[in-house]
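Participant: compute the structure for the input listed below.
(one chain, ligands or ions: 2)
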Amino acid sequence: MIDGPVWALGAMSGTSLDGVDAALLRTDGERVLEFGRSDYREYSGPERAVLRAALGKWPGADLDAAARVVQHAHEVLLAEFPEAGIVGFHGQTLAHDPKGRGTHQLGCGAALARALNRPVVWDFRSADVRLGGEGAPLAPFYHFALARKLGLKRPLALLNLGGVGNLTWIDPAKSAPEEDGALLAFDTGPANAPLDDLMQARRGQRQDEGGRLAAKGTVAEGALERLMAAHFFDRMPPKSLDRGDFAFLSDLVAELSDADAAATLTAAVAASVMRGMEHCPVPPERVLVTGGGRHNPVMMKMLAAALDCPVAPVEAAGLDGDMLEAQAFAFLAVRVARGLPTSAPGTTGVRAAVGGGTISRPE
Ligand SMILES: Nc1ncnc2c1ncn2[C@@H]1O[C@H](COP(=O)(O)OP(=O)(O)OP(=O)(O)O)[C@@H](O)[C@H]1O
Ligand SMILES: CC(=O)N[C@H]1[C@@H]2OC[C@@H](O2)[C@@H](O)[C@@H]1O[C@H](C)C(=O)O
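Facilitator: Ligands and ions are numbered 1, 2, ... in the order given. Below you'll find the predicted structure:
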């Protein structure tokens, strides 16, 4: 179906429930050839409330309203990109339990293919889970291609601070992402989701803008220690998380002032990443940070203090940290169309490298 470079369009609706990112990428599924334009459609307050209410639900539940929100937001946004030859549609993760009920991304690729009149690749995670993998994170194969594009030679780490945190350790000296030792990836722990939930519950705000509330608070070391005692941090990677897995954090900070609670939840992000770094095969030369957390200077400062290698936003390497995940699903769509793997034992713990994703054509 695809035998050379194409303009692929990737779309991501992340665990923060802030909106949908869409980005064009010219790629053959192995190399990143050119970055294209991108756009973002924010969910309105009522749309976000519908999605929040659907979190944790599995197929079979009444998800009609949430499905309409996801489908409509994608149709409107992606219609702006008629030049896309193929679309990678992640959908909205509602629930993730890879060792139990599976993984659930809301959104119908077949309907989107008809609406956009072009092929859509979707349901990226199920095949990996069926083969014993975590089904996440999936961006690491793209991270590998980025490291190669940047001409990097020594191991580095890419850290995504979205609702949940995930880290990819990359050895760009390897020749392919599925090669043994090329990648090690895993979710690090909570990132912005508990902090967003706190801001919503206590202040009616979506996020701790610029880390301003956390900057006024003091980290409650006792609460932080109790969090870091969670079994998750001792598990060997690959490992992944559901957005709700760290919901108990709200109880841990319940007695704290708003500012101290925000400071503690922000420190929890840095502490989780620090623990995760212990799993890297060799220390990375630097950590490049993508995702919304890099816009929070308090979080970035705590991270830099916690890690003993340089930490910088991915923009330091000429990348776009707001669109990197959307680009990843453009890249993965082309890999699926070419029959190439999208995950490997080092990235999801899957038994063998596997290509996930279903292709739906418009007809
Ligand atoms: N200016 C800012 N100040 C503070 N925090 C910010 C700022 N901008 C973004 N964030 C945080 O980043 C979050 C969004 O990050 P991002 O878009 O990477 O998440 P996502 O893609 O939805 O999540 P995931 O990667 O887990 O799927 C917001 O919910 C907020 O917590
Ligand atoms: C199940 C699921 O949607 N997981 C997301 C989530 O958000 C961040 C982290 O947890 C990561 O594991 C993953 O997303 C990114 C895009 C990934 O698959 O690489």
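
Participant: run a quick neighbour tally on the residue lying closest to Gly163 once chain neighbours are set aside.
Facilitator: Among residues not flanking Gly163 along the chain, Thr15 sits closest, at 3.1 Å (C-beta to C-beta, 6 or more residues apart in numbering). Any C-beta I mention is one placed from the backbone N, CA and C, and that applies to glycine too. For Thr15, the tally of surrounding residues (other C-beta atoms under 10 Å) stands at 21.

Participant: SS state for Thr15?
Facilitator: On the three-state scheme (DSSP: H, G, I helix; E, B strand; the rest coil), Thr15 is labelled coil.

Participant: confirm for me that it is in contact with Arg243.
Facilitator: Yes: Thr15 lies in contact with Arg243 (C-beta atoms under 8 Å); the separation is 4.4 Å.

Participant: overlap in contacts, the two.
Facilitator: Taking C-beta atoms under 8 Å, 6 or more residues apart in numbering as the contact rule, Thr15 and Arg243 both touch Thr93, Gly163, Val164, Ala193.

Participant: would you mind measuring from the third one to ligand 1?
Facilitator: In this case it means Val164. 4 Å (C-beta to the nearest ligand atom, to the nearest Å).

Participant: show me what contacts Gln274?
Facilitator: Careful, residue 274 is Met; it's not Gln. Met274 neighbours (C-beta under 8 Å, 6+ apart): Ala306, Leu307.

Participant: could you redo the last one with a cut-off of 6 Å?
Facilitator: Ala306 (C-beta atoms under 6 Å, 6 or more residues apart in numbering).

Participant: using CSV, write down the CA coordinates of the lowest-mean-pLDDT helix or strand in the chain.
Facilitator: For the chain, the helix or strand with the lowest mean confidence is helix 249-252, at a mean of 92 (criterion: mean pLDDT, DSSP states H and E). The C-alpha trace of helix 249-252 is given here as CSV (Å, rounded to 0.1, in the frame of the first residue of the first chain):
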residue,chain,number,x,y,z
LEU,A,249,-2.4,10.6,45.5
SER,A,250,-5.4,12.9,46.2
ASP,A,251,-5.8,11.2,49.6
LEU,A,252,-2.1,11.5,50.3
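
Participant: elements contacting that helix?
Facilitator: helix 221-228 (3 or more C-beta pairs under 6 Å, 6 or more residues apart in numbering; DSSP states H and E).

Participant: which helices and strands does the helix it packs on pack with?
Facilitator: Helix 221-228 packs on helix 249-252, helix 258-277, going by 3+ C-beta pairs under 6 Å, 6+ apart.

Participant: ranking those helices by burial, who's on top?
Facilitator: helix 258-277 (a mean of 24; mean count of other C-beta atoms under 10 Å).

Participant: quick one on the thing from earlier: can I get the helices and strands packed on helix 221-228 in a markdown table with distance to Ser44?
Facilitator: Listed next are these as a markdown table, based on distance: least, C-beta to C-beta, whole Å:
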| stretch | distance to Ser44 |
| --- | --- |
| helix 249-252 | 25 |
| helix 258-277 | 25 |
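
Participant: what score does the residue nearest to Arg294 when sequence neighbours are not counted have for pLDDT?
Facilitator: Among residues not flanking Arg294 along the chain, Pro313 sits closest, at 4.3 Å (C-beta to C-beta, 6+ apart). In this model, Pro313 is scored at 98, pLDDT.

Participant: check the spacing between Asn311 and ligand 1 real quick.
Facilitator: One correction, residue 311 is Val, not Asn. 16 Å.

Participant: cool, and Asp18?
Facilitator: Distance of Asp18 to ligand 1, computed by C-beta to the nearest ligand atom: 5 Å.

Participant: great, nothing more from me.
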